[in-house]
Structure formats: C-alpha cells, structure tokens
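Engineer: no sequence for this one, just the structure:
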C-alpha cells in the first residue's frame, strides 16, 4: 500500500488480532520481547518522564510519551476499576508513533491487546535475566486479563510449561485454565495463594483489585524464587507484604515512577533498587546466587509501549493488517490550508 | 449510526471539510466561538496544566490534555518550521475526546483544520470583548495558513469586512486575497507592515517565522487599536516590539503558559496581565476607553481544543460526517481478553 502524506497507518483491534495470529502468539511475544530488550539496552537514548495523569473519582486517564530522538511515541491508557460492572474493560489503550524530524504521526494502533502483550513480554525479559536458569514451574496469582499472556510469554522466553493457578474468583481460574490447557500447559488449579506458590520457581502476581493489600505474605516466599509483581501499579495498590521487599533484590523499570506506583512505594525513598536496563546492558548484576530472592517490581513504562509500537510498525510493513487513515491535512501548497478547504466545497471541481 | 462499545467516532480531514461546508464556514466559526466562550466562562471547572512538549532540533511535538470532570480531551500537535520545504504542513494536529467516568475515548478527530478554526474563533471571541465596538478595518500581517480563518471569524463575530493584507512574501498576500475576495471582503494589498496598519482598528499578526523578531514596531501602534497577536507562540518567537507591550493592556489565556510562549516572554515575570476568562465572565474589565491599546497575546490553550472537540462531537451527531473506528477491545467478558484473541483465530467459529 502506498503511504500518502495525508494518511497514517491504523491497526484496529481486529487487525491486531489477525496480525498476532499471522505471526503466531508466542512468536509475536518473542519478537516483541526482542524489541523491548533492545530498547532497554539503549535506555540512555530515550527522553523519559513520568506519565501525565488525569485523576478522577472513577479512575485515571494517562498519556505516556517518550522519544529516542528519531521516533516519538505516546500511549493513551485509562484505568477504571469499576468498568467491569458496565461490561467494559478496566484498561483500554491506544498509541501513536511519529517521526521526530517532521512531527508527522505515522501509526495509530489499538493498544489494549498490545499492552497486555508488551507487559507479558517485559515480565519475561526481566525473568530471563533474574530467575534461576533451571526454573520450570510458575505460580500465577490473579487469573484475569493479563494471566494467559504472562503464561505464553514465559513459555516462549523461558520454557515454562507448568503453571499453578490461583484467583480469589474460582471462575477466573477456570477460565484461565480452559484457555491455556488446550495450548499444552501442565496446569494445577489451586484453592489458595499459599497452595499456588508451593514448589514454584517463579511467582507472578497480576491481581486487579485496587484495595487488595497483601497477595503474598512473608512466609509464602522462599529462597531462590523470582517474583514477578505485575499488579501493583498505582499509588495505594500493592500486592506484596513489605517484609518480602526487605529480603529480596529489587529490580525496577524507571525508579522515579516505580517509587510512586510500585511495590516499593511501601519502602523508604532511598531503598536500594537496581534498574533493569543496567542488568540487561551488563552494567549491573542480576541474580548472583541460587538462594537469592529476586523481585521485578513492574509498573509498565513508556519505553515498553514505544518498543511495542515500533515492533508493530515493522510487523505490518508489506502486510494487509492495517488500513490508511485520512488524519492529516495535505494541501497542495502547505500554506494554503484555507484553499484546500474551499476546493472541497460541494460542487467544486476537484 | 450505532455506537458500539468497541468503536470510537472518527472525523477524517475529508469529513471535517464536508462538515464545515455543511454547516457553513462562518456559521461553524460562530458556533465554535460560542463553545470556546462558554468554556472560558467556566474556566475554574477545568484541570489545567502547561502542554507536555518533546523538543528536537527540527521542532516540537506536544500533547495538550485537559478535563472538566465530565469530558477529557487532548490534542497532539507538532510544530516543525522546516516542513514546508518537504511539502508538509508546519503544524499538524489531531485530538481525542473521552468520557472521564469510564476513561473510554469516544471521538478521534483531525485537528489541523480544526485548530486553524478554533484559533481564529478564539481571536474573535477575545476581540469582541476587547476591540472598539466601532471597529471596521483589520490589518492582517502574515498571510499564511491562519490568515483567511482569522478574516472569516472576525467577519462572523465582529462584522469586519475591510482587510489590509501584508506578508513578507507577496505571493502569500496574493493567495490570501484571491481566497478572500470572492467571499465579499474589501481588500487592500499592502507592501509593508507600516502601510497595513494605517487606519486599522484591529491588527492581527500571524507570522510563522521562528527567527523574526519585530513585526510591529512601537511607532506603528496607535491609540484605540486592538492587537491580536497570534504568531508569537513559543519560546524565542515573538512579533511585537517590547515597547508596545508597555503601552498596552494585555490579555492572555493561561498566564503560566503565556509567560513562556507569548509576547510577554519579553517582560518581567510579574508584569500585570488580565486573564481572558475573567473578562468574559465579567470578573475583570476588558476595554475601558476608546484610546486604550488592548493586546490579546494568544498562544493557544488546551481548553480551546477541548471546546473545539466538544463542538465537533455535537455537530456530527445524527450526520454522516464521521465513521466508526474499531479502536477498543470489547471482549464478551471483560476479563477474558485472551479468549477474545483466541476466538479470532483464522478458521475459528465466530
């Protein structure tokens, strides 16, 4: 397809689902993870700032911009815990990629699915650097919208085939198991978080309830485990008992944001943490022993969305998984915007 | 058209042009001005913050969010002075309107044209409050993409029929005159800014060159004039000699932003200015005498884009001037995002 000066590429939800299946879900996660990791390794080339949030009683709407000097991206994302009652998603998102040189947007993409995929890919990138290499079993606590994506990403990147599922809502566990069992996972449905973590090398927490305080208590975490804490991602929302944080080596995306939104909001502002990009770049050690407890305190960062949009832009090149959207005015003469409007009068010769 | 949970309304450039002609350009400007003025009058109900800018050697990309507690809007806009050389617009823009209660976006609209329209409408709203009521003649200095919109907005709101045009590029003046003469304006083409301002009740400056320092010098501005300074809109870009500012009563949109971006960046940070919303609300005087020089130091603010998107959303209701865009994931069961993806597998029963 030709790409005119007046159009940008648009990836709808339907096109994204077809693209993911065209590539294959696990191949998509693997490819996406490679982009996420590559961008973490050039962390210092990004303009970084905390997200721009608009809070209201019902939730939050955020804009997450970043740029590497060549490409600019932002994501629009909302978080409204009560949306489920209305049959709506708690989180919806879309994103835009643009050229820094011209300021022209080039891609608009749905990001509700893409955010779920990039969150899982990022978790797996972190775990590949931090979990014990012989990890085989993952506890998955919180079996909501993020859970299956986590499972597939961990199988794609770390070979995890054995899952122990738990959710406060047994129907969620049932649904998660029903979605994953046909894909070849070995699944144990657990009736408590305590049961789920038994024998788990990796523990992923991805619960959604803003008011839930402690998904993992101190006695549930053992030597050598890797904790992948995905659900603690805004002020007042944490999943781990504070005592665990004092026993764990903590790895974060962007400390300025994680100290506000992540598990470490429970800690003193100067508590030592390691930035994931430094581990992935070889500038800081990741796991240093088989008995160490490692924690990836994941809150999601703008560079991951940038990586995801960059990956999608590359994936769709030459495919039919997008359409052209007439979003940009393109007058024949750039200063003659009004002339363009006048020539569009009904009955006017084109 | 039905509006599903998975779609948002999209107004393309083509649809916007058809909508504007359907309503009529001047009626559209009048309607838009009413929304802009109404929102200025409830200024205190808005969340306001300076725009979020990403600067690069070639220009800037900005996000401009605001909310009134019921609706949320943001605009994406770039400014790249060298784009004209590439046959591209210096400024392109699009915007999104969303519901605060659910965080769901409801409208995506082109805003290159719409920004030109709202800027002109805002100028005319300010001038209606600040110019002498007997104003009949407007000098229009800078005959680029904004110029014709200014002319039409001032005719629609203030009855201005007589224009004195000047641009450093005579071809721009010629094009502006050729666009406006058929619409019934009385037009004088001037060969200097000095000539243009002679006998003008209102002087609009809308030049684009970042490096230009002084479009109006002190001796060019006389008693009783209203100055509508549109082009000074980023750090380092001003159009008026500083001496003029000391003789004028200055009115601004959002002082925190104007002191950085507007003409008043030339002044001390505590120089007295009046906020336009206070004049429109009757809380502060506008023009107090026939000899007073009034200046609207316009830089453009997020609430004006909010008003414009709100106006467009109301305009398109029940019309065909939009399409539905499949931007939002809408699984049957909100937590089952993965199930929605799996059911979209090629060959899967729908």
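Structural biologist: Nice, thanks for sending it over. Since the structure is predicted, the reported quantities are computational estimates derived from the model, not experimental observations.
Engineer: give me the three-state assignment for residue A:296.
Structural biologist: With DSSP: H, G, I helix; E, B strand; the rest coil as the basis, residue A:296 sits in strand.
Engineer: which residues does it contact?
Structural biologist: Residues counted as contacts of residue A:296 (Cβ atoms under 8 Å, 6 or more residues apart in numbering or on different chains) are A:123, A:126, A:127, A:130, A:226, A:227, A:228, A:229, A:251, A:252, A:276. Backbone N, C-alpha and C define where each C-beta goes, glycine included.
Engineer: please apply the same query to residue A:152.
Structural biologist: The contact partners of residue A:152, by Cβ under 8 Å, 6+ apart, come to A:25, A:26, A:29, A:120, A:183.
Engineer: pull the most distant pair out of those.
Structural biologist: A:120 and A:183 (14.0 Å; Cβ to Cβ).
Engineer: tell me where the stretch 201-350 of chain A has helices.
Structural biologist: When assigned using DSSP state H, counting those that start in this stretch, the helices of the stretch 201-350 of chain A occupy the ranges A:242-247, A:255-261, A:276-280, A:302-316, A:337-343.
Engineer: who does the third one touch, helix- and strand-wise?
Structural biologist: With contacts defined as 3 or more Cβ pairs under 8 Å, 6 or more residues apart in numbering or on different chains; DSSP states H and E, the secondary structure elements packing on helix A:276-280 are helix A:25-41, helix A:112-130, strand A:248-252.
Engineer: what residues does the stretch 251-350 of chain A put near chain B?
Structural biologist: A:325-331, A:333-342, A:344-346 (Cβ under 8 Å from any Cβ of the partner chain).
Engineer: apply 6 Å and report the result again.
Structural biologist: Applying Cβ under 6 Å from any Cβ of the partner chain, one finds that the stretch 251-350 of chain A approaches chain B through A:326-329, A:334-335, A:337-339, A:341, A:344-346.
Engineer: which residues sit in contact with residue A:308?
Structural biologist: A:114, A:118 (Cβ atoms under 6 Å, 6 or more residues apart in numbering or on different chains).
Engineer: ok, it to residue A:74 distance?
Structural biologist: 12 Å (Cβ to Cβ, to the nearest Å).
Engineer: before we move on, what about residue A:39?
Structural biologist: 15 Å.
Engineer: out of those two, which sits in the busier spot?
Structural biologist: Taking other Cβ atoms under 10 Å in any protein chain shown, residue A:39 and residue A:74 do not tie; residue A:74 has more neighbours (29 against 22).
Engineer: now whichever helix or strand residue A:76 is part of, how far from the chain's geometric center?
Structural biologist: Using DSSP states H and E, residue A:76 sits in strand A:71-79. How far strand A:71-79 lies from its chain's middle: 12 Å, per Cα atoms, centre = their mean, to the nearest Å.
Engineer: in terms of secondary structure, what does that strand contact?
Structural biologist: Here strand A:71-79 touches strand A:59-67, strand A:93-99, helix A:302-316, going by 3 or more Cβ pairs under 6 Å, 6 or more residues apart in numbering or on different chains; DSSP states H and E.
Engineer: could you export the ones you listed as a markdown table, including distance to residue A:287 and mean pLDDT?
Structural biologist: Output for these, formatted as a markdown table (distance: least, Cβ to Cβ, whole Å; pLDDT from 0 to 100):
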| stretch | distance to residue A:287 | mean pLDDT |
| --- | --- | --- |
| strand A:59-67 | 28 | 95 |
| strand A:93-99 | 32 | 97 |
| helix A:302-316 | 22 | 97 |
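Engineer: got a list of what residue A:265 touches?
Structural biologist: No contacts exist for residue A:265 under Cβ under 6 Å, 6+ apart.
Engineer: got it, and residue A:91?
Structural biologist: Listed by Cβ under 6 Å, 6+ apart, the contact set of residue A:91 reads residue A:79.
Engineer: how near is it to residue B:174?
Structural biologist: Residue A:91 sits 53 Å away from residue B:174, going by Cβ to Cβ.
Engineer: please apply the same query to residue A:34.
Structural biologist: In this view, residue A:34 and residue B:174 are 55 Å apart by Cβ to Cβ.
Engineer: and the residue lying closest to residue A:135 once chain neighbours are set aside, what is it in contact with?
Structural biologist: Among residues not flanking residue A:135 along the chain, residue A:201 sits closest, at 3.6 Å (Cβ to Cβ, 6 or more residues apart in numbering or on different chains). The contact partners of residue A:201, by Cβ under 6 Å, 6+ apart, come to A:132, A:135, A:137.
Engineer: scan the residues you listed and report the most crowded one.
Structural biologist: residue A:135 (21 neighbours).
Engineer: where does that residue sit: helix, strand or coil?
Structural biologist: Per three-state DSSP, residue A:135 ends up coil.
Engineer: quick one: pLDDT of it?
Structural biologist: Residue A:135 is assigned 97 on the pLDDT scale.
Engineer: is it true that it touches residue A:202?
Structural biologist: Yes - applying Cβ atoms under 6 Å, one finds residue A:135 in contact with residue A:202, separated by 5.3 Å.
Engineer: from residue B:328, how far off is residue A:121?
Structural biologist: Going from residue A:121 to residue B:328 by Cβ to Cβ gives 22 Å.
Engineer: compare those two (neighbour count), which wins?
Structural biologist: residue A:121 (30 against 22).
Engineer: from chain B, how far out is that one?
Structural biologist: Using Cβ to the nearest Cβ, to the nearest Å, residue A:121 is found at 14 Å from chain B.
Engineer: who's in contact with that residue?
Structural biologist: Contacts of residue A:121 by Cβ under 6 Å, 6+ apart are A:29, A:32, A:33, A:36, A:153.
Engineer: could you do residue A:274 as well?
Structural biologist: Taking Cβ under 6 Å, 6+ apart as the test, what residue A:274 contacts is A:251, A:284.
Engineer: so for it, what's the pLDDT?
Structural biologist: For residue A:274, the pLDDT comes out at 98.
Engineer: now the residue most central in space within chain A: how far from chain B?
Structural biologist: Residue closest to the average C-alpha location in chain A (Cα atoms, centre = their mean): residue A:119, at 2.2 Å. Separation of residue A:119 from chain B (Cβ to the nearest Cβ): 11 Å.
Engineer: next: residue A:162.
Structural biologist: Residue A:162 sits at a distance of 19 Å from chain B (criterion: Cβ to the nearest Cβ).
Engineer: likewise for residue A:306?
Structural biologist: For residue A:306, the distance to chain B - Cβ to the nearest Cβ - is 12 Å.
Engineer: cool, and residue A:41?
Structural biologist: 22 Å.
Engineer: didn't that residue look like it was pressed against residue A:282?
Structural biologist: No - taking contacts as Cβ under 6 Å, residue A:41 lies outside contact range of residue A:282: 8.9 Å.
Engineer: these two: who's more crowded?
Structural biologist: Using other Cβ under 10 Å as the criterion, residue A:41 and residue A:282 rank with residue A:41 on top: 15 against 9.
Engineer: which residues does the more buried one contact?
Structural biologist: So residue A:41 contacts A:280, A:281 (Cβ under 6 Å, 6+ apart).
Engineer: partners of residue A:52 in the sheet?
Structural biologist: Per DSSP bridges, the residues bridged to residue A:52 are residue A:63.
Engineer: hmm, it is touching residue B:52, no?
Structural biologist: Yes - the pair residue A:52 / residue B:52 is scored as a contact, 5.4 Å apart, by Cβ under 6 Å.
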